[in-house]
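> sequence below, structure please.
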Amino acid sequence: MQAGISYSIAESPYTENFNTLPLSPTNTSLGATPSGWTDDNAAPGGGNFSIPGFHLWHPTSTGEGGANGRQRLRAGSGNSSTGAFYSYGVNSSSERALGMLNSAALTPDGDNAFIGLQLVNDTGVTLNSFTLTYNGKQFRSGDNSAETLAFGYSTTATDADWFNSASFTNVPALAFSAPVVTVAAATTSPASVVPITATTGFSWAPGAELWLRWSDTQLGAGKADDGLAIDDLQFSASTAAGPSLFVNSVMTGSASAPATWSNGQAPDALHSYRVVSGHTVTVDAPFAGSELRTLSGGTVNVNASGNGQAIPTLVIEAGGNLTETVSGAFTLGDATLLNDGSSPASLQGQLQTEQDLAFNADAGADVGLGLRISGAGNIDVNGNGAGSDLILSDASDHLGVIRFNGAGDQVRLVKDKAFGRVEMNSTGENAFIYAQIAQVQGGVLTFNENGKIDHASTVSGSRIAQPSVVNVTDSTVTVDLSKAFDTDERRFLIENTLQGSGAINVVGAAVDPTNLGSGGTNGITLNEFELGTQTEPPTLANNSFSGVLTAGNYVNLELRKNLRGAKLVVNDHAVLDMGHPVVESTKVYEYGDVEVNDGGTLEVGFEASIAGGEIGRHVAKLALVATDGRTGGLTLGNGSTTVMQINGASANQFDAITAAGSVALDGTLKIVVNPNAFTGTNSTYSPTLGDVFPLITSSGGSFPPADFNDSGAVDAADLAVWKGAFGASVAGDANNDGVTDGADFLIWQRDLGTSSGIAGSFDALVVEDPTNLMASFGLAFELQTTASAVNLVVVTAPGLAAVPEPSAALLAACGLVGAAIRRRRRES
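Residues are numbered from 1 along each chain as shown. So this is what the prediction gives:
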């Protein structure tokens with residue numbers, strides 16, 4: 001490995017013809033990662049290819065992605081539509097060019113793939129201009145795509161950030177636009193060649209790196225990409241000043257007026273325009289320059305004529321300012337693109353701000369940020385009453401915080417990119433809405449006031465979104481899953497972290513979306529609130545959320561991370577399940593308290609189903625822990641259902657619950673015997689008389705002395721036992737002195753209202769045994785409960801009438817078995 005090309009003699013040429021790139025095999029993999037391309041290596045190892053100084057990057061990692069998974073390289077002549085970087089050329093010819101053909105498999109729509117060249121100034125002097133010459137070559141035409149390889153340079157980029165957050169100066173004169181545009185995808189053979197050259201002024205200090213970068217934006221759905229390449233490159237740099245790309249303001253005035261600028265000309269796409277200290281330049285029309293930049297002390301203002309007009313790039317340096325003088329709704333950037341409901345964010349301009357900015361909405365009016373936002377400056381949008389919203393396009397590269405303050409209603413994310421960091425501080429509706437085509441991964445969303453997460457997305461997909469972090473400080477937030485998508489499911493997935501100490505209420509559809517209640521099978525699952533991705537590593541990270549997470553109305557809480565400080569409440573028609581095939585069965589899910597109320601279901605483990613039909617289950621272990629103010633308690637209310645599976649008698653082959661606090665039992669316990677796996681294979685249980693499954697254990701304490709009827713709680717029923725035993729038996733003997741007397745009554749008074757580790761009882765035990773496994777062995781299950789454990793014990797089956805074999809009788813058979821084995825024995 002080396003650190004770029006050493007440029008040691010001013011005005012000397014550096015050249016590269018790319019003819020060392022591989023010729024074959026064509027249109028196929030050059031090797032699985034880590035084989036293939038490796039960055040900037042003069043002597044790559046076997047199976048690797050490289051050119052010193054050159055770097056490749058596509059955002060999505062692939063198995064054929066070179067040394068770091070993001071450098072898929074193939075050889076071809078342009079007759080393949082597979083997305084990759086390419087060693088382009090006529091088959092079997094050593095005349096090569098380095099190119100790329102983007103695709104959704106490598107780059108999300110609107111994102112960029114990059115080719116970079118890294119050089120180091122080893123001349124010992126500052127270089128003030130460079131000249132770059134190369135041949136742009138087109139080897140493939142997409143369908144009317146007319147793509148461009150954009151070009152930019154940076155003297156601050158590094159190996160770590162050249163492909164994402166580094167700041168680059170665009171040089172439109174060095175971009176390569178496809179010369180061939182065809183109606184249908186086609187190979188352009190021989191390659192169409194466009195010579196490109198330009199000299200530009202800059203400042204390259206001794207020892208500093210210079211990055212030259214070509215970027216290819218991934219087109220939206222339904223578009224085919226061009227195969228574009230660079231070849232015969234020559235670079236030189238000089239101490240002489242070159243033609244400047246920058247034009248400074250000379251007065252306060254209109255951005256479109258020639259008199260405002262030092263060259264006395266109206267802005268054009270070949271120059272960047274800088275507003276110097278003391279000047280205010282007003283955008284009053286679409287801005288024609290490549291960039292509008294405020295230096296420290298300078299101000300860019302947008303007036304009514306500039307409201308909603310296109311700005312390619314707007315940069316606010318530290319100490320600069322951005323203002324607006326618009327009455328009513330205000331949009332920064334192209335309002336048509338922001339509001340059209342279909343175009344990707346990549347078509348919009350950019351706002352890079354290193355200075356904190358503020359926008360004050362008029363009463364009931366919206367503020368629209370129709371530029372892609374980057375930089376470290378914070379942005380405050382102060383809403384103003386009902387109907388006053390922030391419309392947000394793309395803040396995926398923004399390092400600052402966007403704060404929605406005042407009394408506005410909604411923040412509406414309307415494009416296909418993440419939102420960076422957003423704080424919801426409004427005292428109005430304070431709703432964050434995924435709207436238009438927004439259905440994206442990433443972003444940190446913080447609620448400092450009560451609010452809501454909802455969707456009005458028109459994109460086809462099954463999830464509202466995948467924010468990385470949701471932080472609910474001490475507020476109450478409603479997640480509304482009641483609205484249907486264009487497809488079959490309603491899901492809200494938090495990719496990584498849930499934080500805060502507030503309350504989250506997840507609300508689903510008012511009726512069962514699965515349609516099973518009316519006998520239908522429409523392919524829809526319950527409304528899902530998911531924490532952790534389905535590619536979660538086989539470990540369980542703890543989330544710091546210490547509030548209350550409540551679900552109801554046909555919501556499924558599907559959790560793949562620990563929530564040690566949280567209380568989980570499951571209400572009518574809601575389900576709590578945990579686990580996933582990607583999480584090792586040896587891992588333990590840790591929560592604070594769990595409360596399952598009438599109509600709610602606790603699914604210990606992971607259950608996957610389509611249209612209500614089970615297609616697989618996986619074992620999980622649930623631990624309720626006493627931390628962060630939680631007791632580690634489990635409350636199973638009247639009318640609740642607890643579902644646990646058994647695929648063996650050994651550890652990690654059956655669901656289990658441990659509780660540091662007390663356990664209150666009620667409702668129905670459903671045991672599923674030998675369910676199939678969703679992925680992989682579950683073990684198979686073979687029953688043996690006397691097998692014991694410790695389903696629920698509690699360290700919350702033993703039976704109180706005055707719990708005479710062993711119910712787990714000291715109450716009026718125990719007083720009745722004492723009265724009946726007074727002077728006659730030891731059934732009411734709390735102090736174990738051999739007699740039931742007044743001293744035992746005083747102990748009952750002291751203990752009244754206390755409970756043991758495990759209190760109450762299940763109303764019913766139902767066994768789902770599709771193969772009649774237990775009956776075939778002449779065995780059954782019996783619940784045995786102590787002060788610290790609920791054990792499921794295999795016993796000899798009581799005599800039962802013959803049960804019909806057909807599957808239509810399965811539920812009846814299960815019900816019959818459940819009734820027959822519903823015997824309880826409490827042991828102290």
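> low-confidence ranges, the stretch 101-250 of the chain, go.
144-145, 183-186, 189, 220-222 (pLDDT under 70).
> show me what the strand ranked longest in the chain is packed up against.
The longest strand of the chain (DSSP state E) is strand 186-204. On a contact count with 3 or more Cβ pairs under 8 Å, 6 or more residues apart in numbering; DSSP states H and E, strand 186-204 meets strand 127-141, strand 176-177. (C-beta placed from N, C-alpha, C; glycine too.)
> what helices or strands is the shortest one leaning on?
So the one you mean is strand 176-177. strand 148-154, strand 186-204.
> 7 Å instead?
Helices and strands touching strand 176-177, by 3 or more Cβ pairs under 7 Å, 6 or more residues apart in numbering; DSSP states H and E, are strand 148-154.
> starting at the chain centroid, how far to the helix or strand following the strand it packs on?
Toward the C-terminus, strand 148-154 is succeeded by strand 169-170 as the next helix or strand (DSSP states H and E). From the chain centre to the centre of strand 169-170 is a distance of 31 Å (Cα atoms, centre = their mean, to the nearest Å).
> just to revisit the earlier point, select, out of the helices and strands packed on strand 186-204, the one closest to residue 596.
strand 127-141 (58.3 Å; Cβ to Cβ).
> what comes up buried for that closest one?
127-141 (16 or more other Cβ atoms under 10 Å).
> quick check, nearest of these to residue 644?
Taking Cβ to Cβ as the measure, residue 644 lies nearest residue 140 of the buried residues of strand 127-141, at 56.8 Å.
> so what's the closest one bridging to?
For residue 140, the beta-bridge partners are residue 187, residue 227 (DSSP bridges).
> hang on, it packs against residue 227?
Yes - with contact defined as Cβ atoms under 7 Å, residue 140 reaches residue 227; the gap is 3.2 Å.
> between the two, which contacts overlap?
78, 101 (Cβ atoms under 7 Å, 6 or more residues apart in numbering).
> related to what we said a few turns ago, relative to strand 148-154, how tilted is the longest strand of the chain?
20 degrees (axes from the mean of the first three to the mean of the last three Cα atoms, to 10 degrees).
> buried stuff in strand 186-204?
Quick answer for strand 186-204 (16+ other Cβ under 10 Å): 187, 188, 191, 193, 196, 198, 199, 200, 202, 204.
> let's see it as CSV, backbone CA atoms only.
Taking Å, rounded to 0.1, in the frame of the first residue of the first chain, the C-alpha atoms of strand 186-204 are listed here in CSV:
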residue,chain,number,x,y,z
ALA,A,186,-27.1,-0.4,-26.4
THR,A,187,-23.3,-0.9,-26.7
THR,A,188,-21.4,2.0,-28.2
SER,A,189,-18.7,0.2,-30.1
PRO,A,190,-16.2,1.5,-30.8
ALA,A,191,-16.3,3.8,-27.8
SER,A,192,-17.5,7.3,-28.2
VAL,A,193,-14.6,9.6,-27.2
VAL,A,194,-14.8,13.2,-25.9
PRO,A,195,-11.5,15.0,-25.2
ILE,A,196,-11.7,17.1,-22.0
THR,A,197,-9.2,19.6,-20.7
ALA,A,198,-9.2,22.6,-18.4
THR,A,199,-6.9,24.6,-16.2
THR,A,200,-8.2,26.0,-12.9
GLY,A,201,-6.7,28.0,-10.0
PHE,A,202,-6.5,26.6,-6.5
SER,A,203,-4.1,26.4,-3.6
TRP,A,204,-2.2,23.2,-2.9
